[in-house]
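Chemist: Mind looking at a prediction? Sequence and model below.
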Amino acid sequence: MTPQANTLYQQACTLEYQKDLQGAANKILEALKLTGDDPMLYTKLAGIYTDMDKLDEAIAAYDKVIKLRPNDAFVYISLGSIYETMGKYPEALAAYNNALKIFPEYKYNYLNIANVQYQLKDYKSAIENYNMFLSTYSQHSEARKNLAGTYLANNNPDKAAAEYEILYQRNPQSFDDYVNFGFALFETKNYEKAAEMLEKAIEKDPENTSAHVSLALSYQELEKNDLALAQYDVIFKQKPNLQSLRFDYANLLADMDKNTEAIDQYKQYVTSFPNDGRAYKNMGLVYKRTKDYTKAIQSYEKAISLNIADADLKKDLASCYHIMKDYPNAIKYYDEVLAVDNKDYDVKINKAIALHAMNKYEAAIELYNDILTVKSSDIVENNLTEALVAQGHEDLKLHNYSKATDEFIKAISRGTKDSFAYYGLAKAYRACKINDKATEYYEKAIAMDPEKTLYSDEFAEFISETAPSQNINETPVSDNGQLPSVVIEDETKAQETTAQETQEAEKLAKNKDLIALADANYKEKKYEDSIKNYQEALKLNPSDEVTLLKIGNIYKLQDDEKNAVDFYKKAIFVNPSYADGWFNLGLVYASQKDVTGSKKCFERVISIDPQYAYAYYALGLAYETEKNKEEAVKNYNLFLKYTKDQNAIQDVQDKLKKLQ
């Protein structure tokens, strides 16, 4: 630089000090005319232009400097600062990065870079560079504040809250970013402390609507509902068209049992946000709570159309239909829930109850039984018993007497106090002409509910039908002790009785002959003839459980398990206490690999005859199949206790040795 140019430079510095920036710029331009390109003069000119807000001219001057002095990192930093001021963040970042390449040791440049990256929303890189800077200048409050803000913008509220906490603890008096600290705490669900910070933020700036919103939501989470309500009042006075907040406001009103106001807010919300299923769902909850089930259903249906996968919503909708006694729709939604989670205990119970209410007793019974395998419930137990009784009466109407009998017996065995079950069983036995059992259960039903004239009237009718004709045991005697010459009426009755007894005797004899013939044919392996003879015998005595068992045995011998099962079931139907019938039925189930069915039969045998040895043996085999060694051993030992079959004893003892 020439002496004359240097003089001009000094004059420029004086004018700059005196705030005559234009005069200073003119002096530098005069010096450049004298000396030509000079990096010092261009640097000074760029600085003066920057102070004059002639940023384009400043950039042009710095570009001249870079051409003359390309390795000057601070020129790039100055250039980056101008670009940053102009909002030209990519250009600023490029300038700062050039400075970093030249002078990586200059740590303050990491702060410059981080600030620009934040503006470019490159939060990950900004966080990295803020931390790089703070590793050297850990006390730099502005950098830490910027880092906290970047964490918050990058959806790392926990880290943001930690940085704000450092700043707050370091100097509570000078801390001023209560709003963002409160936001970060709210996002980390530290609602108590969030409320504390947001209260301070509002003290400083009562018009900050965002702070009021987060404070209202914090109070709401803390169940400080009155305080939350006051904040919502402020918010909607400041911004009455803030429709996005009306959902949370409606939720608060609903929690405070302000149901009408809540519905009004939900409706305003869905006007602006018609596809938010949450609002319709919550509206449905309010309608349900106020027992307006029709509107609850309408709201829930709309919510489901917007969120088809919401199982909890479907449960609520199903319960509304259930309350309205629209059982088909209730079951529709119960089924949709169970399709996703077939172990939902409460939904299964509700579905079973709905089926029960629709008189679909068999489906309800199946579901009640399934539920009870999971856990016991007095309600389910009682409902199951009631469904068995109801289904029993349905089967009576359809003349399914065997099935009806089984259902009534199950209900009674479950300890029902419902006389209708005993009455139903009496009717089933009566229909099958098992008169002694019919009498027994009519009498029990009447004893349980003597006020029910239906029972006593029907029993009287039954007695009159089944009472035998009166036998003439004594010959009438006249007043003088002599036999009357003619007793026409009594003689007629005697003749009728004798004829009836003769017919019964002939019938019994024919029945015995047919059974004997059938037995003989069986021994000669003439099975078809044997079955025919047994069936002829049954026409004379339909309730002969032994003959029914024999027919079943022949079918089993012929591997016709279907017919075998049918006749074994008939045998135990006419005599539910027929142990051999239950045992043979269990054997067929066992051969069909129906272990559960076979076990039930063998257990029934033991309940009838606790010393029926082979039932224990069969149970032992069943439990051994299930690998239940403890029960298998128990039943094999009971077999040994009761058996007289010496040939089987050794076999069972060998089994026990292997199992033990």
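Modeler: Done, it's in. Residues are numbered from 1 along each chain as shown.
Chemist: Can you show me the CA trace of the host helix or strand of Tyr616 as CSV?
Modeler: Assessed by DSSP states H and E, Tyr616 sits inside helix 613-625. Extracted C-alpha coordinates of helix 613-625, given in CSV (Å, rounded to 0.1, in the frame of the first residue of the first chain):
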residue,chain,number,x,y,z
ALA,A,613,-62.9,-102.2,38.2
TYR,A,614,-62.5,-102.0,34.4
ALA,A,615,-63.7,-98.4,34.4
TYR,A,616,-60.6,-97.5,36.4
TYR,A,617,-58.4,-99.6,34.1
ALA,A,618,-59.9,-97.7,31.1
LEU,A,619,-59.3,-94.4,32.8
GLY,A,620,-55.7,-95.4,33.5
LEU,A,621,-55.2,-96.1,29.8
ALA,A,622,-56.7,-92.7,28.9
TYR,A,623,-54.6,-90.8,31.3
GLU,A,624,-51.5,-92.7,30.1
THR,A,625,-52.3,-91.6,26.6
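Chemist: helices and strands around whichever helix or strand comes after it, which ones?
Modeler: Downstream of helix 613-625, the first helix or strand assigned by DSSP H and E is helix 629-642. Helix 629-642 sits against helix 613-625, helix 646-659, with contacts defined as 3 or more Cβ pairs under 8 Å, 6 or more residues apart in numbering; DSSP states H and E. Yep, even glycine has a C-beta here, placed from its N, CA and C like the rest.
Chemist: ranges for the strands of the stretch 351-500 of the chain?
Modeler: For the stretch 351-500 of the chain, strands defined by DSSP state E, counting those that start in this stretch do not occur.
Chemist: Break down it into its helices, ranges please.
Modeler: Here the stretch 351-500 of the chain has its helices, by DSSP state H, counting those that start in this stretch, at 361-372, 378-397, 401-413, 419-431, 435-448, 453-466, 488-523.
Chemist: what's the answer for the stretch 201-350 of the chain, then?
Modeler: 209-221, 225-238, 246-255, 259-272, 277-289, 293-306, 311-323, 327-340, 345-357.
Chemist: cool, the stretch 51-200 of the chain as well?
Modeler: With DSSP H, counting those that start in this stretch as the criterion, the stretch 51-200 of the chain has helices spanning 55-68, 73-86, 89-102, 108-119, 123-134, 141-153, 157-170, 178-187, 191-204.
Chemist: Need those in a markdown table (columns: distance to Glu624).
Modeler: Shown next, in a markdown table, are the helices of the stretch 51-200 of the chain (distance: least, Cβ to Cβ, whole Å):
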| stretch | distance to Glu624 |
| --- | --- |
| helix 55-68 | 94 |
| helix 73-86 | 85 |
| helix 89-102 | 79 |
| helix 108-119 | 74 |
| helix 123-134 | 65 |
| helix 141-153 | 66 |
| helix 157-170 | 59 |
| helix 178-187 | 62 |
| helix 191-204 | 61 |
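Chemist: circling back: Throw the helices of the stretch 201-350 of the chain into a markdown table and include distance to Leu659 and mean pLDDT, thanks.
Modeler: Formatted as a markdown table, the helices of the stretch 201-350 of the chain follow (distance: least, Cβ to Cβ, whole Å; pLDDT from 0 to 100):
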| stretch | distance to Leu659 | mean pLDDT |
| --- | --- | --- |
| helix 209-221 | 61 | 96 |
| helix 225-238 | 66 | 97 |
| helix 246-255 | 62 | 97 |
| helix 259-272 | 66 | 96 |
| helix 277-289 | 57 | 96 |
| helix 293-306 | 55 | 95 |
| helix 311-323 | 46 | 94 |
| helix 327-340 | 40 | 94 |
| helix 345-357 | 36 | 95 |
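Chemist: among those, which is nearest Asp457?
Modeler: Closest of the helices of the stretch 201-350 of the chain to Asp457 is helix 345-357, at 29.3 Å (criterion: Cβ to Cβ).
Chemist: Show me what that closest one is in contact with.
Modeler: Helix 345-357 has contacts (Cβ atoms under 8 Å, 6 or more residues apart in numbering) with 315, 318-319, 322, 325, 327, 330-331, 334-335, 337-338, 341, 361, 363-364, 367-368, 370-371, 374-375, 377, 379-380, 383, 386-387, 390.
Chemist: Enumerate the positions of that helix that are buried.
Modeler: Val347, Lys348, Ile349, Asn350, Lys351, Ala352, Ile353, Ala354, Leu355, His356 (16 or more other Cβ atoms under 10 Å).
Chemist: cool, stretch 560-579 as well?
Modeler: Residues of stretch 560-579 classed as buried: 561, 564-576, 578-579 (neighbour count, 16+ other Cβ under 10 Å).
Chemist: Return the closest of these with respect to Lys452.
Modeler: Pro576 (24.5 Å).
Chemist: List the residues that contact Lys569.
Modeler: Shown in contact with Lys569 (Cβ under 8 Å, 6+ apart): Ser402, Leu585.
Chemist: so it is in which element?
Modeler: Applying DSSP H and E, one finds Lys569 within helix 561-574.
Chemist: Run the angle between that helix and helix 401-413 for me.
Modeler: Interaxial angle, helix 561-574 versus helix 401-413 (axes from the mean of the first three to the mean of the last three Cα atoms, to 10 degrees): 60 degrees.
Chemist: show me where pLDDT drops low in the protein?
Modeler: 464, 466-500 (pLDDT under 70).
Chemist: Quick check, Thr625 in contact with Ser598.
Modeler: No - counting by Cβ atoms under 8 Å, Thr625 sits too far from Ser598 to count as a contact (9.4 Å).
Chemist: okay, these two: which has more neighbours?
Modeler: Set side by side, Thr625 and Ser598 show more neighbours around Ser598, with 23 against 14, by other Cβ atoms under 10 Å.
Chemist: Next, the residues that contact the helix or strand hosting the more buried one from outside, please.
Modeler: Taking DSSP H and E as the definition, Ser598 sits inside helix 595-608. Contacting residues not belonging to helix 595-608 are listed as 577-579, 582-583, 585-587, 589-590, 612, 615-616, 618-619, 622-623, 625-626 [Cβ under 8 Å, 6+ apart].
Chemist: Using neighbour counts, trim those to the buried set.
Modeler: Here, 16+ other Cβ under 10 Å leaves 578-579, 582-583, 585-587, 589-590, 612, 615-616, 618-619, 622-623 buried among those.
Chemist: re earlier: just the angle for the helix holding Tyr616 relative to helix 595-608, thanks.
Modeler: Using the same axes, to 10 degrees: helix 613-625 against helix 595-608 is 150 degrees.
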